[in-house]
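In: how would this look folded up:
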Amino acid sequence: MSMKYSRWLFLAMFFGLISSCTKEEIIYIPKEDISQDLDGDDDAYTDPEVVVEINLPKGNFARYFGAEYSYESNIVRLSLSNELNYEDEYHSFMIELNVPITGDITYIPNGRYYAADNMYSFPEFTYGIGYGEVGLYQDGTMYIHKEANSIDLNYDLLETGYVDIHSEGNEYTITAVVSGRHNNIHYFNFKGELQVEDYTNWVNEQHTTLRGDFELPAFTQQRLINRGDYYKYGEYGGVVRYTLLEVYLATDGINMNPEWPAGTGEYLRIEFTAPNDWDEANGIPEGIYNVVERYNGGIMSSDLVPFNIMSGAIVSGNRGGTWYVKQENYTDMEYARIDGGKVTVTRNGAEHTLEIEFTDCATRANKVTGTYTLTF
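Out: Here you go, the predicted model:
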């Protein structure tokens, strides 16, 4: 089944890769400098309070993923950002471009890219609209903003407007006028060098740093979130028989308040499937949960039933499913994509005991184990 359900997992995946940039390098551009608005009507915008105008001169990358969703086009994911420092304000423009199938992956084709009609539409010279539920998951094209001295990210999922791209060699000029869920109009202007990275084999790469069997640390925090029909099986007409329980176990140094764990320490992310009417206030149902395989990064519909665990994957360049991660601030130091094994959950009222017997994705799989007694 198509897997257009994963997030751009910004915190874990690329904050450590972004080039440095000071606040003084963020240049605000007047609205009148943009020659056209979303529909080509110069007089459409009159309320400056809904306009965010930024220029992002550094911290940028473009990644080519190939024909990921359809045979209509190929996917290039473009990030224009300034460096994320706790004390600084942060801006990021994430664009999912549907580019012509040219066979040349070294550049982004020039032209104007309009918003696609919906999240299942991928014609050439469009961008994938932002979608998801803010606070749960986001994907597609979006604007991300963080206030200074904060770790909370605010998302605007972009659904209308256009992105203009012009290049001479690796020098790109990119302008955009776009708006999203919050009805804010965002003006973006970028000029600089971009190297297009080949990510067509990213899903199939080995994603573990472990060099032997691994005993998980003494986790002291836990978090459980009910994601419901996270894999959107019901949108394809299927009968939904599961609800996804996203569980985090973390050490003391990890901040569990943001959407994705932040800080310095270690955490384990597990995707459990429970019965579709399960209330997360009841914790995790007692039973044995087996890790299920993925196919081309996706989950088989037959596996979307209770008492499974979604194996780890890199989908759309982001982590999904079950992973172990050790990080310092926003930089991953060690990690392991969980490929097999099981978790046995026993209950004594609200108290849970989780006996974890995982294996990672190494050619000779390493065991990842631990036993925890906790209450959600």
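In: Distance across stretch 214-229, terminal residue to terminal residue?
Out: In terms of C-alpha to C-alpha, to the nearest Å, the two terminal residues of stretch 214-229 are separated by 32 Å.
In: Can you give the distance of it from its chain's centre?
Out: Averaged C-alpha coordinates place stretch 214-229 at 18 Å from its chain's average position (C-alpha atoms, centre = their mean, to the nearest Å).
In: Partner strands of the helix or strand residue 92 falls within and their direction?
Out: According to DSSP states H and E, residue 92 maps onto strand 90-99. In its sheet, strand 90-99 lies beside strand 74-81 (antiparallel), strand 126-127 (antiparallel), strand 142-146 (antiparallel), with partners assigned from DSSP bridges.
In: Can you point out the buried residues in the last one?
Out: Residues of strand 142-146 classed as buried under the neighbour-count rule (16 or more other C-beta atoms under 10 Å) are 142, 143, 144, 145, 146. Bear in mind the C-beta positions are built from the backbone N, C-alpha and C, glycine included.
In: quick one: contacts of that strand?
Out: When contacts are taken as C-beta atoms under 8 Å, 6 or more residues apart in numbering, the neighbours of strand 142-146 outside the stretch itself are 8, 10, 52, 84, 89-94, 130, 152-158, 178, 180, 184, 186.
In: ditto for stretch 332-343
Out: Counting by C-beta under 8 Å, 6+ apart, residues outside stretch 332-343 touching it are 12, 16, 207-210, 214, 270, 272, 288-291, 293, 309, 311-314, 319, 321-327, 354-361, 365-368.
In: Which among those residues count as buried?
Out: 12, 207-210, 214, 270, 272, 289, 291, 309, 311-314, 319, 321-327, 354, 356, 358-361, 365-368.
In: Just the residues you listed: which are in strands?
Out: Cross-referencing those with the strands (criterion: DSSP state E) gives 214, 270, 272, 289, 291, 309, 313-314, 319, 323-327, 354, 356, 358-360, 367-368 as the overlap.
In: would you list the strands paired with strand 90-99 in a markdown table and tack on distance to residue 332 and mean pLDDT?
Out: Rendered in a markdown table, the data for these read as follows (distance: least, C-beta to C-beta, whole Å; pLDDT from 0 to 100):
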| stretch | distance to residue 332 | mean pLDDT |
| --- | --- | --- |
| strand 74-81 | 17 | 86 |
| strand 126-127 | 28 | 95 |
| strand 142-146 | 19 | 85 |
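In: Average pLDDT for stretch 183-199, rounded please.
Out: If you average the pLDDT over stretch 183-199, you get 81.
In: Quick check: buried residues in it?
Out: By neighbour count with 16+ other C-beta under 10 Å, stretch 183-199 contains the buried residues 184, 185, 186, 187, 188, 189, 190, 194, 196, 197, 199.
In: any chance of these in JSON lines, plus secondary structure?
Out: Formatted as JSON lines, the buried residues of stretch 183-199 follow (DSSP: H, G, I helix; E, B strand; the rest coil):
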{"residue": "184", "secondary structure": "coil"}
{"residue": "185", "secondary structure": "strand"}
{"residue": "186", "secondary structure": "strand"}
{"residue": "187", "secondary structure": "strand"}
{"residue": "188", "secondary structure": "strand"}
{"residue": "189", "secondary structure": "strand"}
{"residue": "190", "secondary structure": "strand"}
{"residue": "194", "secondary structure": "coil"}
{"residue": "196", "secondary structure": "strand"}
{"residue": "197", "secondary structure": "strand"}
{"residue": "199", "secondary structure": "coil"}
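In: who does residue 179 bridge with?
Out: Note on residue 179: beta-bridge partners by DSSP bridges are residue 160, residue 185.
In: got the contact list for it?
Out: Residue 179 sits in contact with 38, 158, 159, 160, 161, 185, 186, where contact means C-beta under 8 Å, 6+ apart.
In: ok, the fifth one - how many residues close by?
Out: Look at residue 161: counted by other C-beta atoms under 10 Å, it has 23 neighbours.
In: contacting residues for it?
Out: Counting by C-beta under 8 Å, 6+ apart, residue 161 makes contact with 38, 114, 115, 176, 177, 178, 179, 185.
In: Now restrict the contacts of strand 142-146 to buried residues only.
Out: With burial judged by 16+ other C-beta under 10 Å, the buried subset of these is 8, 10, 52, 84, 89-94, 130, 153, 155-158, 178, 180, 184, 186.
In: Residue 92 and residue 60 touch, don't they?
Out: No. Applying C-beta atoms under 8 Å as the test, residue 92 and residue 60 come out as separate, 9.8 Å apart.
In: what do the two both touch?
Out: Both residue 92 and residue 60 are contacted by 79, 80, 81, under the criterion C-beta under 8 Å, 6+ apart.
In: Name the member of the residues you listed with the most neighbours.
Out: Ranking the shared contacts of residue 92 and residue 60 using other C-beta under 10 Å puts residue 80 first, with 26 neighbours.
In: What residue spans form the domains of the chain?
Out: The record, using automatic domain parsing to delimit domains, assigns the chain the ranges 10-200, 204-375.
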